[in-house]
Every structure is written in structure tokens, then in C-alpha cells.
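[1] Show me the folded form of this:
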Amino acid sequence: MTPNDTQNATTDDALVLALAVGKTYDEAAAMARLSRSTVIRRMKELEFRGRVRNARAVIFDRTAGLLADGAAGAAVYLIDLAENAQSENVRLGACRAVVDAMMRIREAMDVEERLSALEQRFNSDSGRTDV
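    Below you'll find the predicted structure:
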């Protein structure tokens, strides 16, 4: 790899990261030290857009992991507030948050179960096992 290739790869990585975290084309261009027109041209390339999408997925997965790690502690804290807060408004808000979280979790689990059943049905109907 030549020094120019290394510079291009570094610039490309900076551009991918900037776009993956939601920077505008102008902001991403400035961060990668490129022109806006270069960013627009690169975003027209299917492979490059795929790299941005993959980088965004990695960032999203890491963020989801951090949130999942803190979810149990947050739930315990909300339940404690719901049971022990001095202010009626705080208790009411915590109770609403707990119920809302439970409903969302149940809904997500329900969707997951239904999707799994559909995948199993599809696989058995088509004789496929690779989906």
C-alpha cells in the first residue's frame, strides 16, 4: 500500500464514520477534508453506501448493548421511585414509565414470536432451512 493509498483509506474511513453518525454532507466533507461534491459522488456508489450503512449498524448495536446493560438498574430505580418517592407526581411518573416499558417489551416479544412462527411456517412450506 502506498502512502497515497493509506491517506485515501484514512480519508474514506473518516467520511464513512462522519456519515454513519449522522453528519450532514457539508459537515462530513469538512471532517474528512473533502469537498461536498466528493461526498455526493461517493454516496452515489452502492459499495460506499453499504459501508456507511454497516458502520451505522455497528454503532447502533454497540449503543443498544450499552442501553441493555443499564436497563436492569434503571428498572430497579424506577420501581423504587414508584414505591417510595415522596412526591405524588414523581411516583405517578415512575409508575407510568414502568407500565409503558412493560407494554413495549411485551409488544416487542409478541412481534418476535409472530415473526419466528412465520419464518418456521415459511421454511416448512418451502422446504428451506437456511432463512
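
[2] Run through the helices of the chain in chain order.
    For the chain, applying DSSP state H gives helices covering 3-20, 25-32, 36-43, 46-84, 88-126.

[3] what packs against the first one?
    The one in question is helix 3-20. Using 3 or more C-beta pairs under 8 Å, 6 or more residues apart in numbering; DSSP states H and E, the elements in contact with helix 3-20 are helix 25-32, helix 36-43, helix 46-84. From N, CA and C alone the C-beta is placed, and that goes for glycine too.

[4] tell me which residues of the first one are tucked away?
    Right, helix 25-32. Tyr25, Ala28, Ala29, Met31, Ala32 (16 or more other C-beta atoms under 10 Å).

[5] Who are the packing partners of it?
    helix 3-20, helix 36-43.

[6] closest one to Gly93 among those helices?
    Judged by C-beta to C-beta, the one of those that comes nearest to Gly93 is helix 3-20, at 34.5 Å.

[7] quick one: average confidence on that closest one?
    For helix 3-20, mean pLDDT is 80.

[8] by how many degrees do it and helix 25-32 diverge?
    140 degrees (axes from the mean of the first three to the mean of the last three C-alpha atoms, to 10 degrees).

[9] burial count for Ala18?
    22 (other C-beta atoms under 10 Å).

[10] Going forward, the N-terminal residue is numbered 61.
    Yep, numbering from 61; the last one is Ala78 now.

[11] Next one: the spatially closest residue to it that is not a sequence neighbour from Thr98, what distance?
    Nearest non-adjacent residue to Ala78, counting by C-beta to C-beta, 6 or more residues apart in numbering: Ala88, 3.7 Å away. Computed as C-beta to C-beta, to the nearest Å, the Ala88 to Thr98 distance reads 10 Å.
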